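Chemist: This is a predicted model, with the sequence first.
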Amino acid sequence: MRIHLTSVLVDDQERALRFYTDVLGFVKKHDVPVGGEDRWLTVVSPEHPDGTELLLEPGGHPAVKPFKDALVADGIPFASFAVDDVSAEYERLRGLGVRFTQEPADMGPVTTAVFDDTCGNLIQITDQPA
Amino acid sequence: MVGVVDVFKALADPTRRTILDELTARNGQTLFEICGRLATNHGLGSSRQAISQHLDVLESADLVETRREGRYKFHYINTAPLEPIVERWLANPDAEGKPT
């Protein structure tokens, strides 16, 4: 068994696609209409084009918004991505106007930071020695 | 009005004192960051609910203030309730005994 796909529930798929590609730097992998305005929309890291896909999943179910709001209020990230250098990525993203709810902080063996993905989620970035 | 008893009760717990230490290191933290710092910097494996309850006690004693900024909630240390303690025993050591 392998983890091939994971997902974030996004408020707006088009805005999510722009943020996850233009700002975070992922690349679009699949974009298939699945009924209504919903799309099967995935991105991957350009460093691992055949790696785990991230599904930008429509968050239209009525349970989603209260769930996401409660997580965001407490600063809890929905997903976590790896970067080489959290501080450098923090500066880069902040320069692009990204809002952080946690500046880089040493958390034991890793450094972490948390930002708002503009689609209703907080995302954590971590770096750890290889 | 918060009484001095509430302040001492809030400070009597080591986890709550550690929360104030971490807010002194960086003021304005989400619940998530506070929990992460307690776990990784102090080996405190309390549940998020337990930490949230500690924060409620600190907030009741006015030692922590929470501010909503947009969709997020941040916690700030407030040292004002500690000032009467300094005034009473440290600020004027030559004074005659003061009424409480």
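Modeler: Arrived safely, thanks for sending.

Chemist: can you tell me which residues contact the residue of chain A found nearest chain B?
Modeler: Per Cβ to the nearest Cβ, A:G75 is where chain A lies closest to chain B, at 2.3 Å. (C-beta placed from N, C-alpha, C; glycine too.) For A:G75, the contacting residues are A:T101, A:Q102, A:V114, A:L122, B:Q29, B:T30, B:L31, B:F32, B:E33, B:Y72, B:K73, taking Cβ atoms under 8 Å, 6 or more residues apart in numbering or on different chains as the criterion.

Chemist: how about the closest residue to the fifth one other than its chain neighbours, secondary structure?
Modeler: In other words, B:Q29. Closest residue to B:Q29 apart from its sequence neighbours, by Cβ to Cβ, 6 or more residues apart in numbering or on different chains: B:H75 at 5.5 Å. Following DSSP: H, G, I helix; E, B strand; the rest coil, the label given to B:H75 is strand.

Chemist: residues from chain A in reach of chain B?
Modeler: For chain A, the contact set with chain B under Cβ under 8 Å from any Cβ of the partner chain comprises A:69, A:72-77, A:101-103, A:105-108, A:112, A:114, A:116, A:122.

Chemist: Let's see which of these end up in helices.
Modeler: Assigned to helices by DSSP state H, the following of the residues of chain A next to chain B qualify: A:D69, A:V72, A:A73.

Chemist: Any of those residues buried? List them.
Modeler: Those of these that meet the buried threshold are A:V72, A:A73, by 16 or more other Cβ atoms under 10 Å in any protein chain shown.

Chemist: Where does the prediction get shaky in the chain?
Modeler: Reading this off chain A. Within chain A, the stretches falling below the threshold (pLDDT under 70) are A:129-130.

Chemist: The chain in question should be chain B.
Modeler: If you take pLDDT under 70 as the line, chain B has these spans: B:1, B:93-100.

Chemist: Okay, helices next: where are they in chain B?
Modeler: Secondary structure of chain B by DSSP H: the helices cover B:4-11, B:14-25, B:31-42, B:48-60, B:83-89.

Chemist: most tightly surrounded among these?
Modeler: Looking across these with neighbours counted as mean count of other Cβ atoms under 10 Å in any protein chain shown, the highest average goes to helix B:31-42: a mean of 20.

Chemist: list the helices and strands that helix packs on?
Modeler: On a contact count with 3 or more Cβ pairs under 8 Å, 6 or more residues apart in numbering or on different chains; DSSP states H and E, helix B:31-42 meets strand A:100-107, strand A:110-116, helix B:14-25, helix B:48-60, strand B:72-77.

Chemist: and of the ones you listed, who's closest to A:V10?
Modeler: strand A:110-116 (12.2 Å; Cβ to Cβ).

Chemist: Figure out how far that closest one is from the centre of its chain.
Modeler: Averaging C-alpha coordinates over strand A:110-116 and over its chain gives two centres that are 12 Å apart (Cα atoms, centre = their mean, to the nearest Å).

Chemist: Tell me which residues are up against it.
Modeler: Here strand A:110-116 makes contact (Cβ under 8 Å, 6+ apart) with A:72, A:75, A:77, A:80, A:86-87, A:89-90, A:93, A:98-105, A:122-128, B:30, B:32-33, B:36, B:71.
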